[in-house]
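K.L.:
Show me how the following folds:
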Amino acid sequence: MIEMNISTKCLKADFKKVLENKGYTFFDKGYYNLNIIGVRHEGKDVTNKFDDFLVVIYNTPTENNVKRIYACTTKPGKKAMNNPTNSKGTAILKEGQYRGAYKIGYHKGQYKALCQAKPLPVYRDNNKDNKYDLNPLTIDNGVFGINIHKAGNRDGGSTIVDGWSYGCTVFSKKIDFEQFMRLVERSAKLYGNSFTYTLINEKDLKEYE
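P.N.:
Residues are numbered from 1 along each chain as shown. Predicted coordinates:
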């Protein structure tokens, strides 16, 4: 399975090394200083599945390099790709490290989530061909509500992305998201309401296959 394959690589990976090899910062000073890392499945087809992973790495007073791995999507679902809400096309967040780009807020005014706080670059895909077209010529920078949130309130989680993501990173399972937000709230008390999100590709973990 695609999910198990990426999950295994995430378990094996030395993310400090992976991020530093890309010129990114890895946070390892202090407790609950969160590294929030999205790992994107490298396929270009719109699978409409939660086949990406969000990895959170941090230290506690009793353990270093705690690693949490959550099923998610970092890409829009089929419904979103076929029904753009922006005339330029549906947003797909560009891979990169975005320092201080997120803060605790309310996703669509409904519940606490990590919300976009600074302009971010997104690709715009408007041809509805069920493939993710990551064309640099379409990159659009701005504040578009590219949040980190959950796919509904079902305890068992969601298996189909559809309209849950229009460019957001979305947790499949409510219980995973709630655990994540508890970590986020704890971190905010220590370091303030500002979070870095790093989005990489599955191919960045090739050496851990």
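
K.L.:
and Ile139, how many neighbours does it have?
P.N.:
Ile139 is flanked by 13 other residues according to other CB atoms under 10 Å. Any C-beta I mention is one placed from the backbone N, CA and C, and that applies to glycine too.

K.L.:
was I right about it contacting Pro121?
P.N.:
Yes - with contact defined as CB atoms under 8 Å, Ile139 counts as touching Pro121 (5.1 Å).

K.L.:
if I look at those two, which residues touch both of them?
P.N.:
Residues touching both Ile139 and Pro121 (CB atoms under 8 Å, 6 or more residues apart in numbering) are Lys94.

K.L.:
For this structure, identify the residue most remote from the centre.
P.N.:
Thr62 (27.1 Å; CA atoms, centre = their mean).

K.L.:
Might you report the residue contacts of that residue?
P.N.:
Thr62 makes no contacts at all, as judged by CB under 8 Å, 6+ apart.

K.L.:
how close does it sit to Pro76?
P.N.:
39 Å (CB to CB, to the nearest Å).

K.L.:
next one: Ile37
P.N.:
Distance from Ile37 to Pro76, by CB to CB: 20 Å.

K.L.:
just to revisit the earlier point, part of a helix, is the residue farthest from the centre of the chain?
P.N.:
No - using DSSP: H, G, I helix; E, B strand; the rest coil, the secondary structure at Thr62 is coil, not a helix.

K.L.:
Let me see the ranges of the helices in the protein.
P.N.:
With DSSP state H as the criterion, the chain has helices at 2-12, 15-21, 78-82, 174-191.

K.L.:
Alpha carbons only: can I get the first one in PDB?
P.N.:
Read it as helix 2-12. C-alpha atoms of helix 2-12 as PDB (Å, rounded to 0.1, in the frame of the first residue of the first chain):
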ATOM      1  CA  ILE A   2       1.100   3.500  -0.700                       C
ATOM      2  CA  GLU A   3       0.200   4.700   2.800                       C
ATOM      3  CA  MET A   4       2.200   1.900   4.500                       C
ATOM      4  CA  ASN A   5       5.200   2.600   2.300                       C
ATOM      5  CA  ILE A   6       5.400   6.300   3.100                       C
ATOM      6  CA  SER A   7       4.600   5.600   6.700                       C
ATOM      7  CA  THR A   8       7.500   3.200   7.000                       C
ATOM      8  CA  LYS A   9       9.900   5.700   5.500                       C
ATOM      9  CA  CYS A  10       8.600   8.300   7.900                       C
ATOM     10  CA  LEU A  11       9.300   6.000  10.800                       C
ATOM     11  CA  LYS A  12      12.900   5.300   9.600                       C
END
